[in-house]
Structures are given as C-alpha cells and as structure tokens.
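S.K.: this one's sequence-less:
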C-alpha cells in the first residue's frame, strides 16, 4: 500500500486503549487511514542477548565506547541518562506488550493501516547522544531488533525515527563521528578521515580571519554556498565530510531494510523520516539517496522551533562570536542565504524568534513558530525542496503538527499546509496531535 494517499497520526498505545471512539472520529472527520504506534512491546531473548551493553544499566565506560566521537577526540556527550533504563540502544527495559497488541487490534478493527515507530542511532538529540553507526555490535543489535519487531507483530510497516546525526540546532552533532570505526568505514568508502578533519579546522581558521564587512557585502549580493566556499578558500574535505556521513547512514540502514524485507516480505513497509530539506545534509540525510534504503520519506516539519528556527539562531550566534564585527541582522541574513530561507520574510533580530534557551528543550513560547515567523511559507518551501530532491517514485508524507505538544498550530494554517503538500506532489501527511483539527476530549494526550 505504499502509493495510497495517506492521512497518518503518531499515537501511543495507551491513547488508543484509553480513548474509545477516538480512532473512529479521526477516520470520519479527517480521513485517518494510518496510525503509527510507538513501540512499547517486548523483544525476544535472542535479540536481548545481542545488546552491546555490558550490564543493566550499562557502565559509563561501556557507553563511552559506543557513542560517537567528536572531531576534537572527545565523546559526543557524557550524559548517558537515556541508557539507564534500557535493554540496549533505544529500547526500554519495561515493555507493555499486551497493551500494544490490543492497540494494534483496535486500529485494524477500525480499518486502519498500522505501522510501529522505532528509533535508531540518535538516542538523545538534546544531549547529542548518538550511537556510532559504524560499529558492528550496534548495527547487529538494530538489525536483529527491527527484524524481530517486523516478524512478531501484526502490522504493515515500521517507521524508524532518528536515523541521522543530532539536530543542526546543536552544531556539535554535525561533527560526529571520527572514531576508529568511522575512520575505517570512511577509508573503505574512499574517504580520508584525517584529511577531512584537517580541512574542517582549516575552514574554521579561515572564517576567523575573514573580513566581516566583505562577508556582509557578498551576502547582500545573493550569496550562495559556493560563494561562501570561495570566500573562505574551503578545501574539498569539508564537502566530503557531509557526503560521507549521508552515505554511511544510507549504506547501514539499507542493510536493515534488506533484512526486514527478507523476514517480513517485500510488501512490508520499512523506512525513516527525513530532516528538513534545507538542512538535511548537515544531519546526514541526502534525499537523493532515499530510495536506496527506505520505502518512504517523511519530511519532518512538526518541530520548526528546534530544527529550522533553532538552527538559524545558533548559527547566527556562532558567526557573531567568530566575527564580533557582524551585527545580529547581518549574521541572520548570512544564515538565510546559506540555508535558502532568504526568500522569506524572516526576523532580523534573534529575540523575535521567541525561542528562549533552546538547549533546555522545546520553547515555552507556544506560538513562537508563527507569531513573528512566516511558518506556512517556511514549511511549504521545505516541502517543495523535499519533493524535488527525493526520487520521483518514493512516496512522501510530510510530518506536521495537528495540534498537541509542544505547539498548537492554527487550524487554518494546518489545512493550508495539508493542501500545499498535496499540490507539491506528496502522497499525504502524518500528524503529530489532532487537537486543532478534531473536537475530542482526549485523555492522556501524548502522541507517542
């Protein structure tokens, strides 16, 4: 059913169990035909035995050996909280198998397609905790895990999130991973890890020596990425770095898909969401490769505050720290040019984004995404790019807010975005929350 027009929704199993009539209301009022239930079941003892952890919970020493390494040689993070109650990467110790199976049955009884939601390498985007995608013991775990889920539950597909490097609003995540395993993988793929790292540091030093006024003048004349590269005299390694990361993710995940299809059949749907197209290469996502490893694409646009807007703000702040002569407005304009958002009527001051301290989580300003930002235009721009960059034959379902944590988009905006997705050639949308679209007294409103 991959080419059917979809109206999907992320839900936790207990949302379905505790809210009789909810799925029927969604089917009738918004045409829901797909529900993606967060995996909360149990995995087999054979898969549990493959955990790369050295115990439950794993030791800090074990975790340091599993997580990615920054190009400065340090672990991506020393905060391992997400692993303290897990059987292995991204799988909690305590499952609710009976509840999940009942939720699957109820969704099927209503006539809905059901996928399960899992996670991959990036386990904690806020703390940059990412398991190394080049380590065999980690990938054996994920391969066995996904095959186990696909084989043991009566569902039509698996949707795996966090198949990427950490958020670009946390720039440290863009410079993972440089461990020995990744260096070996890079060499096998034709890349030189030490040279890529040297070229990244060279670009940083060149930026520090750049004349701020000259940079602003070039930015005002419709500066693009290649203009920036010429100005800084960037070397090939910095381009190869992001190319390597995206090819590494694609090649490893393709093995998972092959194994799932071998176990559950070629009609079983297995794939991943995509980072916003304007920033995707920085997170290890090359849309042009998507059909090589995924049965669908889901451009992730439901969190504009922490993805697009947060990235714009922290990159502008980085430019100002590096080149103190840059004004805030000029730093923002340079970022808009580099990311392709310069065609939009974007803020000229960082405070106008209303994000607060984004390192502490979602913004507490629940209207920050649309009070001073042309949110609809921003979403449509990234949806247009995604559909153009993706292979024509792969179905695409943008992920958008339908009303729920953390931000309630206005109903009119949501409807316009859904209509825009169809006009741009996407095959439907997947919602996070429904409060803005459906009048239903929903108990326990978490969407996964």
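M.R.: Happy to help now that I have it. What you are looking at is a predicted structure, and each value in this text was computed from that prediction instead of being measured.
S.K.: switch to C-alpha atoms for all contacts and neighbour counts from now on
M.R.: Noted.
S.K.: how about the nearest residue to residue 16, chain neighbours excluded?
M.R.: Ranked by C-alpha to C-alpha, 6 or more residues apart in numbering and with sequence neighbours excluded, the top spatial neighbour of residue 16 is residue 103, at 5.8 Å.
S.K.: spit out the contact partners of the one you found.
M.R.: By C-alpha atoms under 8 Å, 6 or more residues apart in numbering, the contact list for residue 103 reads 13, 14, 16, 17.
S.K.: closest one to residue 98 out of the residues you listed, please.
M.R.: Residue 98 has its nearest neighbour among the contacts of residue 103 in residue 13, at 9.9 Å by C-alpha to C-alpha.
S.K.: ok so, going back, which pLDDT does the model give the residue nearest to residue 16?
M.R.: On pLDDT, residue 103 comes in at 98.
S.K.: residue 42 versus that one, what's the distance?
M.R.: Residue 103 is 15 Å from residue 42, where distance means C-alpha to C-alpha, to the nearest Å.
S.K.: likewise for residue 309?
M.R.: 37 Å.
S.K.: and those two? Which one has more around it.
M.R.: More crowded of residue 309 and residue 42, by other C-alpha atoms under 10 Å: residue 309, with 23 against 19.
S.K.: that one and residue 353 touch, don't they?
M.R.: Yes. Between residue 309 and residue 353 there is a contact under C-alpha atoms under 8 Å: 7.3 Å.
S.K.: joint contacts of the two?
M.R.: Counting by C-alpha under 8 Å, 6+ apart, the residues touching both residue 309 and residue 353 are residue 369.
S.K.: need the next SSE after the helix or strand encompassing the residue nearest to residue 16, C-terminal direction.
M.R.: In this structure, residue 103 sits in helix 97-109 according to DSSP states H and E. As assigned by DSSP H and E, the chain's next helix or strand after helix 97-109 is strand 113-119.
S.K.: name the residues that touch that following strand?
M.R.: So strand 113-119 is contacted by 33-39, 90, 104, 107-108, 155-163 (C-alpha under 8 Å, 6+ apart).
S.K.: now the helix-or-strand element of the chain with minimal mean pLDDT: buried residues?
M.R.: Lowest by mean pLDDT, DSSP states H and E among the helices and strands of the chain is helix 225-232, with a mean of 76. Neighbour counts over helix 225-232 (16 or more other C-alpha atoms under 10 Å) mark 228, 231, 232 as buried.
S.K.: where's the second one relative to residue 194, distance?
M.R.: Using C-alpha to C-alpha, one gets 23 Å for the distance from residue 231 to residue 194.
S.K.: swap in the first one?
M.R.: Between residue 228 and residue 194 the distance, using C-alpha to C-alpha, works out to 23 Å.
S.K.: and for residue 430?
M.R.: 41 Å.
S.K.: more crowded one of the two?
M.R.: Between residue 430 and residue 194, residue 430 has the larger neighbour count (other C-alpha under 10 Å), namely 26 against 12.
S.K.: quick check: the more buried one is in a helix.
M.R.: No. Counting by DSSP: H, G, I helix; E, B strand; the rest coil, residue 430 is located in no helix; its state is strand.
S.K.: what is the orientation angle of the helix holding residue 103 with strand 113-119?
M.R.: 140 degrees (axes from the mean of the first three to the mean of the last three C-alpha atoms, to 10 degrees).
S.K.: flag every buried residue along helix 97-109.
M.R.: So, applying 16+ other C-alpha under 10 Å, buried residues of helix 97-109: 97, 99, 100, 101, 103, 104, 105, 106, 107, 108.
S.K.: repeat for stretch 405-413
M.R.: 405, 406, 407, 408, 409, 410, 411.
S.K.: make a markdown table from those residues and add pLDDT, secondary structure and distance to residue 148 to it.
M.R.: A markdown table is the format used below for these (pLDDT from 0 to 100; DSSP: H, G, I helix; E, B strand; the rest coil; distance: C-alpha to C-alpha, whole Å):
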| residue | pLDDT | secondary structure | distance to residue 148 |
| --- | --- | --- | --- |
| 405 | 70 | coil | 31 |
| 406 | 71 | coil | 32 |
| 407 | 80 | coil | 35 |
| 408 | 84 | coil | 36 |
| 409 | 92 | coil | 37 |
| 410 | 92 | coil | 40 |
| 411 | 94 | helix | 39 |
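S.K.: coming back round to it: in a markdown table: the buried residues of helix 97-109, plus distance to residue 262.
M.R.: Formatted as a markdown table, the buried residues of helix 97-109 follow (distance: C-alpha to C-alpha, whole Å):
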| residue | distance to residue 262 |
| --- | --- |
| 97 | 24 |
| 99 | 28 |
| 100 | 24 |
| 101 | 23 |
| 103 | 26 |
| 104 | 23 |
| 105 | 25 |
| 106 | 28 |
| 107 | 26 |
| 108 | 24 |
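S.K.: tell me which two of the residues you listed sit farthest apart.
M.R.: Most distant of the buried residues of helix 97-109, by C-alpha to C-alpha, are 97 and 108, 16.7 Å apart.
S.K.: buried stuff in the longest helix seen in the chain?
M.R.: For the chain, the longest helix by residue count, based on DSSP state H, is helix 236-264. Neighbour counts over helix 236-264 (16+ other C-alpha under 10 Å) mark 237-238, 240-250, 252-254, 256-261, 264 as buried.
S.K.: against which helices or strands is that helix packed?
M.R.: In terms of contacts (3 or more C-alpha pairs under 8 Å, 6 or more residues apart in numbering; DSSP states H and E), helix 236-264 is packed against helix 136-152, helix 193-208, strand 269-274.
S.K.: please work out which of those is packed deepest.
M.R.: strand 269-274 (a mean of 24; mean count of other C-alpha atoms under 10 Å).
S.K.: strands paired with that one, and their directions?
M.R.: strand 157-161 (parallel), strand 297-299 (parallel) (DSSP bridges).
S.K.: tell me the mean pLDDT for it?
M.R.: On average, strand 269-274 scores 98.
S.K.: start at 169, not 1
M.R.: From this message on, residue numbering opens at 169, which makes the last subject strand 437-442.
S.K.: tell me the gap between it and the middle of its chain.
M.R.: 11 Å (C-alpha atoms, centre = their mean, to the nearest Å).
S.K.: now it and helix 304-320, what's the angle there?
M.R.: 130 degrees.
S.K.: can you list the residues that contact strand 437-442?
M.R.: Residues contacting strand 437-442 (C-alpha under 8 Å, 6+ apart): 170, 324-331, 425, 428-429, 448, 453, 455, 461-468.
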